[in-house]
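Asker: Turn this into a structure:
(one chain, ligands or ions: 2)
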Amino acid sequence: MAQETQNHTLTVSGWAAHDSSGEIKPYTFKRRENGVNDVTIKVLYCGICHTDLHHAKNDWGITMYPVVPGHEITGVVIKAGCNAGKFKIGDRVGVGCLAASCLECEFCTNSQENYCDQIQFTYNGIFWDGSITYGGYSNMIVADYRYVVRIPENLPMDSVAPLLCAGITVFSPLKDSGMLGSPGKKMKKMGVVGLGGLGHVAVKFGKAFGHHVTVISTSPSKETEAKGRLGADDFIVSTNSQQMQAGKRSLDFILDTVSAKHSLGPILELLKVNGTLVTVGAPDQPLELPSFPLIFGKRSVKGSMTGGIKETQEMMDLCGEHNITCDIEVIMPDAINEAMDRLARNDVRYRFVIDVAGRISNL
Ligand code: NAP
Ligand code: ZN
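Answerer: Residues are numbered from 1 along each chain as shown. Ligands and ions are numbered 1, 2, ... in the order given. Next comes the predicted model:
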């Protein structure tokens, strides 16, 4: 389809899933020429988000094959349109989940374009010109400058890539819930459910913002690292009923990043009265939400969808200041399938990042 769209003349090498087996194979396709508002980016690195896996396997029933996943993209500008903001050739930039929005609604005009009801994503979306969008598992991407952020000079391009989705997806609800932390602000007791790509960044942010962080995990083997390298204060194994019992009514705020169906009931019990649980995980089945832990604790459950571009830049700059990056395993493109299999088995510490340009970059 995209190949037939006018002005889609740029030939790009990438990697795509072609059916619900999810198997990723090399794939050559076309992208649009660089428009006045566009920047063309040589992709250096791209993180493998669990959302990529959901799409490759059509977990949500919305995949348009062939799908070129990838929305944790870092690279260098190789072409800039005359109206492409302040971007110029050679700039270190990142692209996350968003490719287009209406630019006019109350959300677009308030830097919350992630809630525009015409939002289109970096892959498996339909761009303004009617073409299907293809993501960052590819050697080059053309992006409208309004959906591109700058990468701070002091941060490495590989371990910064997952911030473009995992990072902003946990940063946004923390900010929204007044958890960014500033001098004089009270430390909160924060829980993070699921220590994967999103969860491990949430722990780092929680600690950077001065909170007491408890990890709630199904994997006892992650405890040492969670408390050591990531700096978590506590670790609860969610299948251990004694530990769950001991943790009742202990937390002010919980971020649930779990990718599979589970019950929110036991997790809600960990919240204090009036506490808030924000769920960002996107399982293909509805979450169980029993009413008793909700009503007995006057607790709230909310959702949150990635973040706006202004907020993404704010997060990036903050990560630059605090030197926050992600814990990654870098792989070459020919190992994407193996990485996806390991991600499905919950065997990654804590994000795979594809070295798309095929070299160790010092950019
Ligand atoms: P991930 O790296 O696979 O991490 C998910 C974690 O969930 C796992 O590490 C595991 O942690 C836990 N988990 C897995 N299966 C579980 C099960 N059956 N029961 C309980 N816990 C389980 O995935 P991710 O990339 O962080 O993404 C997480 C979810 O967020 C995905 O559904 C993704 O699509 C979604 N997402 C949403 C947004 C948004 O805008 N809202 C953005 C990005 C991603 P433990 O081993 O610690 O239990
Ligand atoms: Zn993602």
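
Asker: what does stretch 259-272 rub up against?
Answerer: 50, 54, 189, 191, 193-194, 196, 214, 216, 236, 238, 244, 247-254, 256, 277, 279, 281-290, 292-294, 297, 299, 301 (C-beta atoms under 8 Å, 6 or more residues apart in numbering). All C-beta spots, glycine's among them, are computed from the backbone N, C-alpha and C.

Asker: Which elements pack onto the longest helix along the chain?
Answerer: Counting residues, the longest helix in the chain under DSSP state H turns out to be helix 309-322. On a contact count with 3 or more C-beta pairs under 8 Å, 6 or more residues apart in numbering; DSSP states H and E, helix 309-322 meets strand 148-150, helix 166-176.

Asker: angle of that helix against helix 166-176?
Answerer: 100 degrees (axes from the mean of the first three to the mean of the last three C-alpha atoms, to 10 degrees).

Asker: If we look just around ligand 2, which residues of the chain are in range?
Answerer: The interface of the chain toward ligand 2, taken as C-beta under 5 Å from the ion, is made up of 49, 51, 165.

Asker: Is it possible to get JSON lines of these that adds pLDDT and neighbour count?
Answerer: Output for those, formatted as JSON lines (pLDDT from 0 to 100; neighbours: other C-beta atoms under 10 Å):
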{"residue": "49", "pLDDT": "98", "neighbour count": "28"}
{"residue": "51", "pLDDT": "98", "neighbour count": "26"}
{"residue": "165", "pLDDT": "98", "neighbour count": "30"}
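
Asker: So the residue in the stretch 151-300 of the chain that ligand 2 sits nearest to versus residue 33, what's the distance?
Answerer: Nearest residue of the stretch 151-300 of the chain to ligand 2: residue 165, at 3.2 Å (C-beta to the ion). Distance, residue 165 to residue 33, by C-beta to C-beta, to the nearest Å: 27 Å.

Asker: repeat for residue 147
Answerer: Taken as C-beta to C-beta, the span from residue 147 to residue 33 is 17 Å.

Asker: Please identify which of the two sits among more neighbours.
Answerer: residue 147 (19 against 15; other C-beta atoms under 10 Å).

Asker: how about the closest residue to the more buried one other than its chain neighbours, what does it touch?
Answerer: Of all residues not flanking residue 147 in the chain, residue 98 sits nearest, at 4.8 Å (C-beta to C-beta, 6 or more residues apart in numbering). By C-beta under 8 Å, 6+ apart, the residues touching residue 98 are 113, 114, 119, 120, 121, 122, 147, 306, 309.

Asker: Right, I'll leave it there.
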